[in-house]
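# okay, predicted coordinates and the sequence, questions at the end:
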Amino acid sequence: MTDTLFSLGDKLPMEDRLPPAYPERAAWGTGPKLRAWQAEALDKYFTTQPQDFLAVATPGAGKTTFALRLAKVLVDAKTVNRIIVVAPTDHLKKQWADAAGRVGLSIDPNFKNADGRHGDGYIGVVLTYAQVASKPLLHRAKTEAARTLVILDEIHHGGDALSWGDGIREAFEPATRRLALTGTPFRSDTAAIPFVDYVEGPDGIRRSKADYTYGYGNALKDHVVRPVLFMAYSGSMRWKTSAGEEMEAQLGEGFTKDITAHAWRTALDPAGEWIPSVLAAADKRLTQVRRTVPDAGGLVIATDHEDARAYSAQLEKITGEKVTTILSDDAGASKKIDEFSAGDSRWMVAVRMVSEGVDVPRLCVGVYATSTSTPLFFAQAIGRYVRSRKRGEVASVFLPSVPILMALANEMEAERDHALDRPEKHVDDPDYNPEDALVAEANREEKASDELNKQKFEALHSNASFDRVLFDGGEFGTGGAVGSEEEQDFLGIPGLLDAEQVGVLLRQRQAEQVTRRKVRKSHEEAAAAPVIDHRALMDMRSQLSKNVSAWSARTGTPHGVIHTKLREVCGGPAVAQANAEQLQTRLNKLQGWFIGKK
């Protein structure tokens with residue numbers, strides 16, 4: 001057997017190119033039944049047999065299962081005899097090792113650069129991008145020493161820093177096969193990602209080219225991921241600037257980027273009223289979901305350690321239960337995540353480390369309590385809630401009602417490629433692309449947030465109000481106070497609905513709220529109308545009748561003609577239907593006639 005999987009030539013039919021040890025094509029090796037997209041991607045891979053293959057699949061779709069099934073087939077066929085997986089975080093290293101073990105592959109997640117070589121019982125190792133960047137020549141030597149398959153998980157991290165990109169390029173250039181995976185094939189910058197092909201389009205911009213793509217929209221239709229309800233909350237924010245000036249604004253109605261950023265930061269302040277109100281609403285939603293999904297859990301993504309601890313304390317006060325708090329410098333973080341994933345407790349609060357790749361399938365409710373707003377981070381964060389275990393589970397994410405997050409939530413189903421050479425364009429330019437503007441705006445917001453952290457800032461007061469629900473590009477709800485009937489309509493949505501049912505129910509709730517608001521307004525208007533004094537009205541009619549009689553006696557004009565003339569001049573209905581104001585206008589007009597006024 002040669003080092004390639006198929007040695008009989010690419011021109012033969014696939015079935016004829018399968019080596020004797022290769023399993024039946026429909027099975028793709030041993031293990032759980034594959035999803036349709038995973039089998040299709042494997043089919044494409046083994047048809048083309050490339051050295052590099054980029055698979056783009058939405059978070060929660062099962063990229064790990066696809067990659068390990070591919071790896072197992074290559075190992076069984078003796079195409080490769082070493083596996084190196086590169087992941088973003090230490091926790092993901094353990095997650096990859098556990099998943100590999102379930103398909104019969106032993107890879108070491110505890111390997112350190114100082115070890116030199118992994119144990120004899122392992123076929124390979126799991127590394128972090130930082131680990132590779134610190135010793136690229138070490139890993140190049142290991143790659144060259146065997147027929148190596150390199151799996152680059154969340155390959156976009158290869159552009160995080162020059163050293164990371166250079167490191168993985170140098171370390172894994174001699175690999176026999178490279179499989180790149182990502183759920184978000186775009187970055188906020190234009191740094192090229194190693195081992196990714198870029199193709200220049202008609203507009204002169206080079207964009208990444210995936211070998212196989214499985215987006216959120218398709219995954220939703222296939223019931224591979226959950227539908228996501230975004231619960232947006234606004235409210236009044238008040239703060240003191242570094243210059244000592246007190247400012248106030250409605251969250252989501254910022255007049256400038258700075259005001260938007262300050263209001264957003266005020267909302268996330270643990271000492272205010274916005275965060276406790278939103279956490280309480282999210283916990284009510286979790287209670288509703290747990291009626292049909294008993295082990296459903298919630299995750300709050302915080303900006304920093306201090307906020308994370310404060311949010312945990314607030315949730316413990318709300319729920320009366322212990323909250324799992326995950327801090328990035330906590331040596332026991334991975335163990336805590338595993339325990340939470342395997343248990344049935346309600347809430348976990350974390351900083352950034354749970355935002356990408358971490359697999360906690362029972363997460364159904366989330367609170368996006370961070371000021372990070374790049375499209376990449378947002379997509380990865382929301383990916384923590386969309387993994388589907390059974391058909392009908394619905395994810396709900398609570399977030400501040402600020403423009404950049406609303407735009408990202410409304411574009412959940414958009415598929416993007418990583419674009420290089422992106423020029424700055426003006427909105428009036430004929431080739432202006434609003435997607436480019438969104439990325440640029442996210443970058444500016446991120447920088448503005450970083451600057452805010454360096455300034456003296458004091459959040460003074462905040463409160464929360466329910467704004468709207470975003471789903472499938474649409475917006476629902478008429479707003480309302482926290483605890484209002486309008487808010488409860490959406491917090492009480494069942495936890496088991498497919499995407500079509502969610503859409504139908506949201507439109508129904510929207511119509512009910514609009515009708516209810518009209519009825520309420522009608523009642524308020526009726527309540528505001530003055531009570532008619534029927535006795536006073538009768539007196540005015542009597543007075544008008546007497547005055548008409550007197551004018552008739554003076555002029556010889558019939559009563560009916562006088563009444564008709566008064567209606568023509570003053571307007572209004574007949575005397576029997578006229579209100580007090582209309583009767584008084586006619587009395588005044590008659591009085592004028594008596595004294596000679598026309």
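Thanks, I have the structure now.
# so Ser345 lies in a strand, does it not?
No. With DSSP: H, G, I helix; E, B strand; the rest coil as the criterion, Ser345 is located in coil rather than a strand.
# residues contacting Ala271?
Listed by C-beta atoms under 8 Å, 6 or more residues apart in numbering, the contact partners of Ala271 are Ala459. Just so you know, the C-beta spots here come from the backbone N, C-alpha and C atoms, and that holds for glycine as well.
# tally up the residues packed near Ala574, please.
For Ala574, the number of neighbouring residues by other C-beta atoms under 10 Å comes to 9.
# are we agreed that it is in a strand?
No. Secondary structure assignment places Ala574 outside any strand; it is coil (three-state DSSP).
# now do it against Ser542, distance only.
Ala574 sits at a distance of 16 Å from Ser542 (criterion: C-beta to C-beta, to the nearest Å).
# same question, Asp197
Computed as C-beta to C-beta, the Asp197 to Ser542 distance reads 94 Å.
# the two - which one has more neighbours?
Under the neighbour definition other C-beta under 10 Å, Asp197 and Ser542 were set side by side, and Asp197 has more, 13 against 10.
# my guess is that one meets Lys209, correct?
Yes. In this structure, Asp197 is within contact of Lys209 by C-beta atoms under 8 Å, at 4.6 Å.
# all the helices of the stretch 101-250 of the chain, in order from the start?
Along the stretch 101-250 of the chain, the segments classed as helices by DSSP state H, counting those that start in this stretch run 129-134, 136-144, 162-172, 216-221.
# could these go into CSV alongside mean pLDDT?
Formatted as CSV, the entries for these read as follows, by pLDDT from 0 to 100:
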stretch, mean pLDDT
helix 129-134, 90
helix 136-144, 93
helix 162-172, 85
helix 216-221, 78
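# and those: which comes nearest Phe471?
The stretch from the helices of the stretch 101-250 of the chain with the least distance to Phe471 (C-beta to C-beta) is helix 216-221; that distance is 11.0 Å.
# list the buried residues in that closest one.
Neighbour-count burial for helix 216-221, with 16 or more other C-beta atoms under 10 Å as criterion, is recorded at Tyr216, Gly217, Asn218, Ala219, Leu220.
# same check, this time on stretch 394-411
Neighbour counts using 16+ other C-beta under 10 Å place 394-402, 404-411 of stretch 394-411 among the buried residues.
# just the CA coordinates for it, please, in CSV.
Once non-C-alpha atoms are left out, stretch 394-411 reads as follows in CSV (Å, rounded to 0.1, in the frame of the first residue of the first chain):
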residue,chain,number,x,y,z
VAL,A,394,-35.6,26.1,20.8
ALA,A,395,-32.7,28.3,21.9
SER,A,396,-33.3,31.8,23.4
VAL,A,397,-30.6,34.4,23.7
PHE,A,398,-31.2,37.6,25.7
LEU,A,399,-29.1,40.6,24.6
PRO,A,400,-28.9,44.4,24.8
SER,A,401,-30.9,46.2,22.1
VAL,A,402,-28.0,47.9,20.4
PRO,A,403,-27.7,48.4,16.6
ILE,A,404,-24.7,46.2,15.9
LEU,A,405,-26.0,43.2,17.8
MET,A,406,-29.5,43.6,16.2
ALA,A,407,-27.8,43.5,12.8
LEU,A,408,-25.8,40.4,13.6
ALA,A,409,-28.8,38.7,15.1
ASN,A,410,-30.8,39.4,11.9
GLU,A,411,-28.1,38.0,9.7
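# off-centre distance for that stretch?
Once both centres are worked out by C-alpha atoms, centre = their mean, to the nearest Å, stretch 394-411 turns out to sit 5 Å from its chain's centre.
# any residues touching stretch 548-561, and which ones?
Defining contact as C-beta under 8 Å, 6+ apart, one finds that stretch 548-561 is touched by Ile562, His563, Leu566, Leu590, Trp593, Phe594.
# which SS class is the residue nearest to Gly477 when sequence neighbours are not counted?
On the basis of C-beta to C-beta, 6 or more residues apart in numbering, the spatially nearest residue to Gly477 that is not a chain neighbour turns out to be Arg468, at 4.3 Å. Judged by three-state DSSP, the three-state class of Arg468 is strand.
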